[in-house]
Every structure is written in C-alpha cells, then in structure tokens.
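**Student:** Attaching a predicted model along with its sequence, questions to come.
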Amino acid sequence: MAEITKEELRQPENLIYKKTDLLTDKPLSYCPGCGHGTAHRIVMEVLDEMGIQDQTIGIAPVGCSVLAYEFMNIDMQQAAHGRAPAVATAVKRLHPEKFVFTYQGDGDLAAIGTAETIHACNRGENIVIIFINNGIYGMTGGQMAPTTLPGMKSSTSPYGRDVATMGNPLKITELIAQLPGTIYVTRQAVHTPANVRKTKKAVRKAFENQKLNKGLSFVEIVSNCNSGWKMTPRQSNEWMVENMFPFYPLGDIKVND
Amino acid sequence: MKELRLMKGNEAFAEAAIRAGADGYFGYPITPQSEVMEYLMAEKPEERTGMIVLQAESEIAAINMVYGGAACGKRVLTSSSSPGVSLKQEGISYIAGAELPCVILNVARGGPGLGTIQPAQSDYFQSTKGGGHGDYKMLVLAPSSVQEMADFAGLGFELAFKYRNPVLILSDGAIGQMMEKVELDEQRPRFTDEEIKNNTPWATTGKTKDRERNIITSLDLDSYKQELHNLDLQAKYREMEKNETRYEAISCDDAEYLIVAYGTSARLSQKAVDLLRAEGIKVGLLRPITLFPFPTAVIAKLADQVKGILTVEMSAGQMIEDVRLAVGCRVKVEHFGRMGGIIPSPTEIVDAMHKKIIGG
Amino acid sequence: MTEEIIIAGFGGQGVLSMGKILAYSGVMENKEVSWMPSYGPEMRGGTANVIVIISDERISSPIVNSFDTAIILNQQSMDKFEKTVKPGGILIYDPNGITRHPGRKDINIYTIEAADEASKVGLSKVFNMVVLGGYLKLKPIVQPEYIRKGLEKSLPKRHHGMIPENEKAIDKGKEIIKAVHLLN
Ligand SMILES: Cc1ncc(C[n+]2csc(CCOP(=O)(O)OP(=O)(O)O)c2C)c(N)n1
Ligand code: SF4
C-alpha cells in the first residue's frame, strides 16, 4: 500500500468524516463515553441532510441534555422539567410549517412529564420526540428513574430497585404506541456503528413524517450513563446490551405508513 | 442520651425526621437536597420504625401524597428545592385550606426558572407571603446550622400538629450541603392508631359508630361559610404570631448598628459582626428564626436603640420589606445581598455596613 | 485556636473526603468543625473544593474568603486560591500538573509530590492521605490517635481494612513535604 502523508490525508477528497455544521464547536459537557453526544450528532446530521436548519425549533429538557442548546446549532427553547411536549405543542400549533422536536431523558419524559408526554402523543401533535432512556437520573447524580431495571442500584435505590415498593420499570414507549395519535414508534441504540446507522434512519423517518403532516413520531434511544451506573464506558455498553436490551428490545414498535 | 455526629444538613434533617417519629416521606430528586431521600433510602426506616419512604414521579405527586397522609393524622413530610417547591404550591394551598399538619423542607437555590443549583434566599416572598393562591400562611422556620436542620424536623411536626398547619423549613444549599457537628435526639415512637384517633379526631381513619364522619376538604361553595373559615384561619395565624415568634439576638445589648439576617446570611453576618467589633464598631445581629411569624416587635424596639440597620440576604432584598414595616421611618434600613447563587463574604458585609449605613 | 483551610483540586482526587477525614478527626478531639463543599454536577469532570474550619470556639461563618492554609492540587485551583491565603499563612501544592507556580512572597509555600510518590509505592488510591500527612506535619492541629478515629468514623466499615494503608500514606506525606519559600 502506498504511503500517505498527513497533508494528503487532510485533502477534502480523502476525508471520510466531517462534523456537521449543525453542531457548534462548543466541547460537549457530557461525560466521556456517554451516548448523549452521539444522539445529538445523529439528530443534527438528519436536519443538515434535510436542509431544514432554518425551519427547525428544538426543545431542550431538564436533565443532562439541558444544555443541548449549547451544542445544537439551531433555534432552541429550554422547557421546565417534563414540560417539553407541552411547549412543543404550542410551537407547532403556532408554526405548523416549522419542524419541531423535543429531546428528553427518562426522568423528564416518563416521570414528572408523563402527563405531558401521554397527552401530546394522544393529541397526535405533529412533532418528533427523541427519548434518551438511560435508566437513571444522570444530571442529579444517579437517582432511580421510572425506567430503572428491577434490582438495579441507584442512589435512591441503594439496595437495588425493589418492584414491590418502587414499582416496575415503565415501558412508556410501548404505552404511547397504543395511542391512535402516534404514527411511528421505534426503539434504537447508538452504541455501535450499525446501531448508529439504524437510529439515523429512524430519526430521518420521524422528520419525514412530520414533513408529510402525519402525526407524532417517537424515537426512543436506549443509552448508557456510565457515570450514574458507576462503570467505565465500555462496561456500561456491555451492561446495557446484557441487561437493558432484553427488557427494552430494539426495533420498530409501531409503523403506520 | 443525645448522640453526636458529623453530618450534612440534608442528612441531619432526614435522620431527625426518622427520630421524630415520622410516618412517611415523599419526594422527588433535585439538587441541592437529593441527599434527604438518598439518606432515607439507605437507612431503611421501614425496618427501624416502620416509616415509609417513597420516590414520587414529581413534586406535584409528592405534595399530594403528603396531603393524603396528613389527612389520615400521620406525621408526613416532603423536601425539595426552589423549582420543585414552586410546583408544590397548589398542593400547599390545599393543605393550608384543609388545615392539615405537615413538614415541608425547601433547600433553596437561585432562580428564577431553572436558575442555578447554588444557594440563594430568593424564596422568602414565596415562603412567607403565600406562594400559592388564597389567604394562607405557613409557619416558616429558618435554620442557620446543621443542628437546627435536625432540631426543626421535630419542632416542625410539633408546631404543625399544634396548629393543624403546614410548616415550612426554609433552608438553602449551603446549609443542606455543609457538615457540622450535630446532636441527635433519641428515637421517639411513631403514633399508634389509638393515639392518632385521640390526638387528631378530625383525621380520616374510618367512620366508627361513635362519631360523625370526617371529611377533609378545602371547598365551601357557600361564601358566607367560606368567609367564616377564612376568619378562623386568620385567627389561627394571629395566634401563631402571639406564641411562636422566634429569634436570636447576638451582641445586641450595646449595639449602635444592627444587622438583620437569617439562615446562611446570619452565619456570614455573625463573622461580620466580629470583624466590625474588632474595628471598635458596636454592631449587633438579629437573626429571625421564624420568618412567619416575623420578629417585628423586637426589631421595632431595636430601631429605637440603633443608628442604622443593614439587612443581609442572598436575594435582591425581600425580607427587608418586613424589616422596614417594623421600623417605619425611624432609622435608615438598607439591603446588602448577592444573587444567582453567590454567597457574599463576611468582608463584603463589613464594607456594605460602612458604605451604606455608617458612612452613608 | 481557629484554623481555616481550603482544599481544592479535580473531582476525583479525594479532595472532599480528605476534608471529611480532617473534620471528623477534629470532632473526635472534641473541637468545633465545619465542612463546606463546592457542589454541582461534579461527576462531569469539574473542579472540587472544600472549606474546613477547625476551632476551639463556636464557628461563626462556615464560609470565609481568606484562609490560614490552602492545599492546592491543580492549576485552576492555584489560579483561584493562591491569592486567598492570609499573609503569613501556608500554601501547600502538588507540583504535578502545575504550570504556573505560586509567586507570593508574604506566605509560606511548600510542595508535596504526592501523586508521584503515591504511585511509586503503590498508594495511588490514598493519594489524598499523603497530602493530608504533609499538612499535618506542618500543622499538627489534631493528634494522630484522633486521625485514626476520624478514619474509622468517616470510612464505611467495609473499607476499614484500608486504614493501615491510609496511615502509611499519612506518614509518607510527613516525610516528603518540602519547603520552597519560608518567611522568617
Ligand atoms: C421541578 C424540578 N424538579 C426536579 C429537578 C431536578 N432535576 C434535574 S434533571 C432531573 C432528572 C434528569 O434525569 P433524566 O430525565 O433521566 O435525564 P438524564 O440526566 O439522565 O439525561 C431532575 C430530577 C428540576 N430541575 N426541576
Ligand atoms: S451523567 Fe450519565 S447521562 Fe449525564 S452526561 Fe454523564 S454519562 Fe451522560
């Protein structure tokens, strides 16, 4: 194989990957190894490829991704904890021609914001919801989330989640798939290149649905929280495959075409 | 025998709540108070005393769980920090209206909105002037040490049941997060069912033949009756003003200048008083312990003695309004504070005293 | 006696627990203590610091802005806290990772190569105790027997097996602390 110099490598025709301009240059505040960064990139690449930066309004949640507006190079609003789907509802109703999405964690979307989630889905708001399920409250230091697995340890379930007193993990994605207002409900992951490609396809489909005024698309991304789970990034991904995926199986849950 | 420990304010409050014989805690994580629930979950109070601990799906759910538990005559509590306490306001108004006893801890942080997770005292208006709708008052205790975080858990229940009224403990991130020595009371037993029936005959415990049914509500569609209910509430609040006003007066006897501050600000101000006295300036500190009822009378009296008053608050100046009401126009009252989660230093307070009061 | 100390470094360096052990030791010796941490989403790689006050009298403010001793373990903390040492006070720092060394002439400055030394003798886990040892050499404000009791109190029972290692680290610190600038 012919030697290639650094300078040659940097020539545009030799580039194989470039960061989308829809991500700012601000260094991500996420822990190294966290899935949030990859998920951000996927959403921004899709908006970039669809050429809709100037037509999109994003809603950031309360959670580790509260600072999403620092990294996503689009107009954004930051909502109160759990209320992003209500905020997005008004934005879309008042700007039906715009693309509107929320980006929310499991505590935000499936605990304090359950009512807003279910009712926005039930009304069939023509928006996209990106749901990062890492089974824990990352931002506040690793408390139990509605999606925490049975027996899983967190700072408020230090002896493991006891379903008798703390309830079962909530499969909110299956739940909202029951509602006539949702038209596309899928569960993906971002821990391998193959999964990243699948997730990107799903996110693209979700925004295409919005373009066609089809109704609410909901993309769950099962992700890791290596800090909250107290693991190395690699361990956390292995743990996720072994424990989260059996409970939260990947794949489409509802596709109404 | 009292037990001595080194604890965070949040942990001391949680441990003291168990020892005060609490029956139930309901909460939702938020910085800087998450240690309350984390401590309780790790302690397994269900095994120690039978007390239950539940992580609710939101602050709204948590305060309504408190409503339900309190209506059964149980000792129940919740804790949160500013944004979460805002969410609880509807529930608190219902609890005040239905005259239910409970303890609510606010480990306050800076706002408005999501604001900052750092300490602040900008929830004074919300706490003392009725953050929710309707004419109601909470009894508000303001701890300034880890010891008081522990003491006020028990005192809070005592006062809540004495007046059938919600008691708010208004703390802040600094006191919640810091560790100090704390002496803990012995475990007091939880109320038995029999005691609940006797102590709180109004509680919903199941209608027996020997009494009328008990209904817990804040609703009265008959405005005349609703007004009477409001008059009763107001009479109760006047009663609290008469009996429960608490404060600490430090170096006030010979004071020519006065600082009024509560909570963390009072600790900083105490150091400022030491520094000012070292300069030969006679300064005293009046620390309100109850914010409602407010120590109006003692401040009014001190106003006749001193040449000027500085209020120190980690806010834009909220308590100062109550100080000015107490003082009238007799002496100058000025505010010094920092906002946004910044804790002023004792030397900044000294400078403010010089600039705004002594030299001003 | 009142000693006001700030300990500052990166999140994972054991800054807070070092302060806690010191505070606990003070409690064991029946002194007044306070421990005031910086707090926040520290797990995301930020800086951490704690103010520890140990006194024979009641502590008025747990938060102060000048210190008898500053123990500094990274550059950001150096930039922030060098200036907060009271004139005549002490600054102790680990030169590992420090690019701008302290320059004040009105304070006593010491270095402690704790990170290097700890990894050399396989004590990386108790790096912070090496630092604590250095401090205690200069300011024996609590007696060794109470430090041991402080360790017992502040470490969870399952880690009590590590107490001898912690004590060894403290001794190491006492050995390796070096003066670089002294007032006379
Ligand atoms: C009303 C209110 N309650 C609580 C909080 C504290 N809080 C901030 S983020 C968060 C949970 C975040 O968890 P999740 O949604 O799972 O997102 P992650 O951080 O794991 O990405 C909580 C409880 C808040 N900001 N506001
Ligand atoms: S705490 Fe968890 S969710 Fe938050 S950035 Fe770190 S790894 Fe990601």
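**Tutor:** On my side now, so go ahead. Ligands and ions are numbered 1, 2, ... in the order given.
**Student:** From here on, just use CA atoms for contacts and neighbour counts.
**Tutor:** Noted.
**Student:** what does the stretch 51-200 of chain B have sitting close to ligand 1?
**Tutor:** By the rule Cα under 6 Å from any ligand atom, the part of the stretch 51-200 of chain B lying against ligand 1 is B:83-84.
**Student:** where in the stretch 51-200 of chain B is pLDDT low?
**Tutor:** For the stretch 51-200 of chain B, applying pLDDT under 70 flags no range at all.
**Student:** show me where it has helices.
**Tutor:** In the stretch 51-200 of chain B, the helices defined using DSSP state H, counting those that start in this stretch lie at B:59-71, B:82-97, B:124-128, B:146-163, B:173-177, B:193-199.
**Student:** Adding mean neighbour count and distance to residue A:213, write these out as JSON lines.
**Tutor:** Putting the helices of the stretch 51-200 of chain B into JSON lines (neighbours: other Cα atoms under 10 Å in any protein chain shown; distance: least, Cα to Cα, whole Å) gives the following:
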{"stretch": "helix B:59-71", "mean neighbour count": "24", "distance to residue A:213": "34"}
{"stretch": "helix B:82-97", "mean neighbour count": "23", "distance to residue A:213": "34"}
{"stretch": "helix B:124-128", "mean neighbour count": "19", "distance to residue A:213": "43"}
{"stretch": "helix B:146-163", "mean neighbour count": "22", "distance to residue A:213": "54"}
{"stretch": "helix B:173-177", "mean neighbour count": "28", "distance to residue A:213": "47"}
{"stretch": "helix B:193-199", "mean neighbour count": "13", "distance to residue A:213": "58"}
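**Student:** Tell me the buried residues in stretch B:277-286?
**Tutor:** For stretch B:277-286, burial by neighbour count (16 or more other Cα atoms under 10 Å in any protein chain shown) applies to B:281-286.
**Student:** Which ones among those lie within strands?
**Tutor:** B:283-286 (DSSP state E).
**Student:** circling back: closest to residue B:52 out of the buried residues of stretch B:277-286?
**Tutor:** Of all the buried residues of stretch B:277-286, residue B:286 has the smallest distance to residue B:52: 38.6 Å, by Cα to Cα.
**Student:** CSV please, covering the helices of the stretch 51-200 of chain B and showing distance to residue C:133.
**Tutor:** As requested, those are exported to CSV (distance: least, Cα to Cα, whole Å):
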stretch, distance to residue C:133
helix B:59-71, 45
helix B:82-97, 41
helix B:124-128, 44
helix B:146-163, 28
helix B:173-177, 26
helix B:193-199, 55
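**Student:** out of the ones you listed, which comes closest to chain A?
**Tutor:** Smallest distance to chain A across the helices of the stretch 51-200 of chain B (Cα to the nearest Cα): 7.8 Å, for helix B:59-71.
**Student:** Report the contact partners of the nearest residue to residue C:38 once chain neighbours are set aside.
**Tutor:** Spatial nearest neighbour of residue C:38, excluding adjacent residues (Cα to Cα, 6 or more residues apart in numbering or on different chains): residue C:49 at 5.4 Å. Listed by Cα atoms under 8 Å, 6 or more residues apart in numbering or on different chains, the contact partners of residue C:49 are C:6-9, C:15-16, C:37-38.
**Student:** Same check on residue B:17?
**Tutor:** B:150, B:153-154.
**Student:** about what we covered before: the residue nearest to residue C:38 belongs to a strand?
**Tutor:** Yes. Residue C:49 sits within a strand when classified using DSSP: H, G, I helix; E, B strand; the rest coil.
**Student:** For it, give its distance to ligand 1.
**Tutor:** Shown here: residue C:49 relative to ligand 1, a distance of 22 Å by Cα to the nearest ligand atom, to the nearest Å.
**Student:** Angles on the backbone of residue B:292, please.
**Tutor:** phi -130, psi 120 (degrees, to the nearest 10).
**Student:** Relative to ligand 1, how far out is it?
**Tutor:** 25 Å.
**Student:** Give me the neighbour count for that residue.
**Tutor:** Around residue B:292 there are 24 other residues, counting by other Cα atoms under 10 Å in any protein chain shown.
**Student:** same check, this time on residue A:49
**Tutor:** Neighbour count for residue A:49, taken as other Cα under 10 Å: 11.
**Student:** for it, helix, strand, or coil?
**Tutor:** Assigned with three-state DSSP, residue A:49 falls in the helix class.
**Student:** Can you give the strand pairings for the helix or strand where residue C:68 lies, parallel or anti for each?
**Tutor:** Per DSSP states H and E, residue C:68 falls inside strand C:67-72. Taking DSSP bridges as the criterion, strand C:67-72 forms sheet pairs with strand C:2-10 (parallel), strand C:85-93 (parallel).
**Student:** Let me have those strands in a markdown table, adding distance to residue A:253, mean neighbour count and mean pLDDT as columns.
**Tutor:** Shown next, in a markdown table, are the strands paired with strand C:67-72 (distance: least, Cα to Cα, whole Å; neighbours: other Cα atoms under 10 Å in any protein chain shown; pLDDT from 0 to 100):
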| stretch | distance to residue A:253 | mean neighbour count | mean pLDDT |
| --- | --- | --- | --- |
| strand C:2-10 | 44 | 22 | 95 |
| strand C:85-93 | 57 | 22 | 97 |
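**Student:** So for residue A:28, which of those sits nearest?
**Tutor:** Nearest of the strands paired with strand C:67-72 (Cα to Cα): strand C:2-10, 18.3 Å.
**Student:** C-terminal to the closest one, what's the next element?
**Tutor:** Counting by DSSP H and E, what follows strand C:2-10 is helix C:15-28.
**Student:** That next one to strand C:67-72, inter-axis angle?
**Tutor:** Helix C:15-28 and strand C:67-72 meet at an angle of 140 degrees, taking axes from the mean of the first three to the mean of the last three Cα atoms, to 10 degrees as the criterion.
**Student:** counting contacts, what elements does the helix or strand just after helix C:15-28 pack onto?
**Tutor:** Downstream of helix C:15-28, the first helix or strand assigned by DSSP H and E is strand C:32-37. Packing contacts for strand C:32-37, counted by 3 or more Cα pairs under 8 Å, 6 or more residues apart in numbering or on different chains; DSSP states H and E, involve helix B:173-177, strand B:179-184, helix C:15-28, strand C:47-55.
**Student:** what's next to the third one, contact-wise?
**Tutor:** Yep, that's helix C:15-28 we're talking about. With contact meaning Cα under 8 Å, 6+ apart, helix C:15-28 is reached by B:6, B:181, C:7-9, C:32-35, C:37, C:48-54, C:128-129, C:132, C:142, C:146-151, C:153-154.
**Student:** How about stretch B:313-330?
**Tutor:** So stretch B:313-330 is contacted by B:120-122, B:124-125, B:261-262, B:265, B:294, B:296-297, B:299-300, B:303-304, B:311, B:333-344 (Cα under 8 Å, 6+ apart).
**Student:** starting at the chain centroid, how far to stretch C:78-93?
**Tutor:** Taking Cα atoms, centre = their mean, to the nearest Å, one finds the center of stretch C:78-93 at 13 Å from the center of the full chain.
**Student:** distance between the ends of that stretch?
**Tutor:** Separation of the first and last residues of stretch C:78-93 by Cα to Cα, to the nearest Å is 8 Å.
**Student:** Also stretch B:169-179?
**Tutor:** From its first residue to its last, stretch B:169-179 covers 18 Å (Cα to Cα).
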